[in-house]
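Undergrad: Got a predicted structure here, sequence first:
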Amino acid sequence: MTTVLGCIADDFTGATDLAGLLARSGVRVSLRMGVPDGPPSDTAAVEVIALKCRTAPVAEAVAETRRALSWLQAAGARRFFWKYCSTFDSTAKGNIGPVAEALMADLGAEQTIYCPAFPENGRSIFMGNLFVGRQPLAESPMKDHPLTPMRDSNLMRLLAPQVTRPVGLADRLTVAQGAEALKAELDRLAGEGVAHVVVDAVADEDLSTIAQACRDMGLMTGGSAVAAPLPALWLADGTLSADAKAASVPDLDAGAVVLSGSCSAMTRAQVADYTGRGRPAFRLDPLALEAEGPQAALDWLAAQDLGGAPLLYATAEPEDVRAAQDKLGTARAGEIVERALARLAVAAREQGARRFVVAGGETSGAVTQALAVTRLDIGREIAPGVPWCFADSGGKQIAITLKSGNFGAQDFFAGALDTLAALEAA
Ligand SMILES: Nc1ncnc2c1ncn2[C@@H]1O[C@H](COP(=O)(O)OP(=O)(O)O)[C@@H](O)[C@H]1O
Ligand SMILES: O=C(O)[C@@H](O)C(=O)COP(=O)(O)O
């Protein structure tokens, strides 16, 4: 089928979040992990390409996303979506802005919008300021993120140093007046040469208005929630047809493992909840990994009954993360942990694990790549933005869920495995 919407996500959890929300429409959504090697084949109406480029050097991220864009164009897509985190995870250099500008240049687009709002998960934007629940972004736990600490809540100020062309705002007062008013405001801003427009949204109705106003834009950018209404609009005018059900659960052996490299506040609570239930757990320490490698963790895993879904986690409090980063450097600390969790994932699969719960975006990228997963079928959501996915890994069918750091309820790890069992029983 010719692809109508082509999406590029800057990390793997973000990609499953986006794919899960788009799939709510009943349209077939295909998720590729990395840019496929060959030309497009067996394409879906909506194609999502997951990249691991959120914290990559800018030039690398730009080159990789442009390659993804070419592949999606070859699949027939004429409308595109650049998905980044609902907490706008980025540095002063990028990669949200530089990638958007590169995609705009390739597409000949004069203007795009930026809307990371995700009201269902507590992310809202008012007067260009991003809130996480009731807290401004810079006062939320995102201020302590190991790789992209967010120390400003104002999206215009965050974006401006990342781009070369002017940044502006379409505020909630305009969005509240409806799609025509928003369109007129975007046109007015375009007339003033404003290429990058942050758009306020505090509720799902705002996102519907924005999607309606921007449905014909060559490139939209944002979190998953602003893309979610698009398929319904195209279903209504016949551009798309509903042709998919959530993927059904394949036959799976019982072995399960939980791997957590996220240090977000919610993941810390989820790890505490899981260990509090008496589940077997092993804590990975970056300093011990640097000194001795992952053998102790591999030995511990080898002695586990995978029926009990053991947890391996590097998840730590901000002061412990800072201590490891001070000794090893931020990038090295992250890399050691990601590499260890990736190796443990492969060992778990060899040991019989077929159910994987993974927490953390960078972590999910490392684990999925190590498991040689190239395509995911999207199943039911466990929590908003976190679906179960099914894939081939080394010739075995696996179920895997990639949980974004801040998503899911406190009992997510146990709940995810229960949800999968319930889907199998249904
Ligand atoms: N104890 C730790 N010390 C330092 N870095 C860590 C530690 N635990 C995990 N990390 C790193 O922190 C990063 C967390 O990012 P990520 O997996 O994207 O989680 P999130 O989804 O919460 O952003 C990863 O690179 C991971 O390897
Ligand atoms: O938009 C979101 O919040 C998520 O889809 C996402 O991108 C999360 O990234 P991580 O927190 O790094 O998993």
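TA: Noted; the coordinates are in hand. Ligands and ions are numbered 1, 2, ... in the order given.
Undergrad: Could you report the neighbour count for the closest residue to ligand 1 within the stretch 151-300 of the chain?
TA: For the stretch 151-300 of the chain, the nearest residue to ligand 1 under the criterion C-beta to the nearest ligand atom is residue 262, separated by 3.2 Å. C-beta: built from backbone N, CA, C; applies to glycine. Neighbour count of residue 262, defined by other C-beta atoms under 10 Å: 29.
Undergrad: now the one 3 residues further on
TA: Other residues within reach of residue 265 by the criterion other C-beta under 10 Å amount to 17.
Undergrad: Report whether the lengthiest helix in the chain contacts ligand 2.
TA: Looking across the chain with DSSP state H, the single longest helix is helix 330-351. No. Helix 330-351 does not reach ligand 2 (C-beta under 6 Å from any ligand atom); its nearest approach is 11.5 Å.
Undergrad: so does that helix get close to ligand 1?
TA: Yes. Applying C-beta under 6 Å from any ligand atom, one finds helix 330-351 in contact with ligand 1 at 333-334, 337-338.
Undergrad: Hmm, residue 131 and residue 142 touching each other?
TA: No. Counting by C-beta atoms under 8 Å, residue 142 does not reach residue 131; the two are 11.1 Å apart.
Undergrad: For residue 36, which residues are in contact?
TA: Contact analysis of residue 36 by C-beta atoms under 8 Å, 6 or more residues apart in numbering lists 49, 71, 374.
Undergrad: Quick one: neighbours of the last one, just the number.
TA: When you say that, I think you mean residue 374. Counted with other C-beta under 10 Å, residue 374 comes out at 16.
Undergrad: residues in contact with it?
TA: So residue 374 contacts 32-34, 36 (C-beta under 8 Å, 6+ apart).
Undergrad: swap in the first one?
TA: Residues near residue 49 by C-beta under 8 Å, 6+ apart: 6-9, 15, 32, 34-36, 68, 71-72.
Undergrad: The closest residue to it other than its chain neighbours is in what secondary structure piece?
TA: For residue 49, ignoring the flanking residues on the chain, the nearest one in space by C-beta to C-beta, 6 or more residues apart in numbering is residue 68 at 4.4 Å. Assigned by DSSP states H and E, residue 68 falls within helix 58-74.
Undergrad: List the buried residues in that helix.
TA: Buried residues in helix 58-74, counting neighbours by 16 or more other C-beta atoms under 10 Å, are found at 58, 61-62, 64-66, 68-69, 71-73.
Undergrad: Throw the residues you listed into JSON lines and include distance to ligand 1, thanks.
TA: Shown next, in JSON lines, are the buried residues of helix 58-74 (distance: C-beta to the nearest ligand atom, whole Å):
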{"residue": "58", "distance to ligand 1": "18"}
{"residue": "61", "distance to ligand 1": "15"}
{"residue": "62", "distance to ligand 1": "20"}
{"residue": "64", "distance to ligand 1": "17"}
{"residue": "65", "distance to ligand 1": "18"}
{"residue": "66", "distance to ligand 1": "23"}
{"residue": "68", "distance to ligand 1": "19"}
{"residue": "69", "distance to ligand 1": "23"}
{"residue": "71", "distance to ligand 1": "24"}
{"residue": "72", "distance to ligand 1": "24"}
{"residue": "73", "distance to ligand 1": "29"}
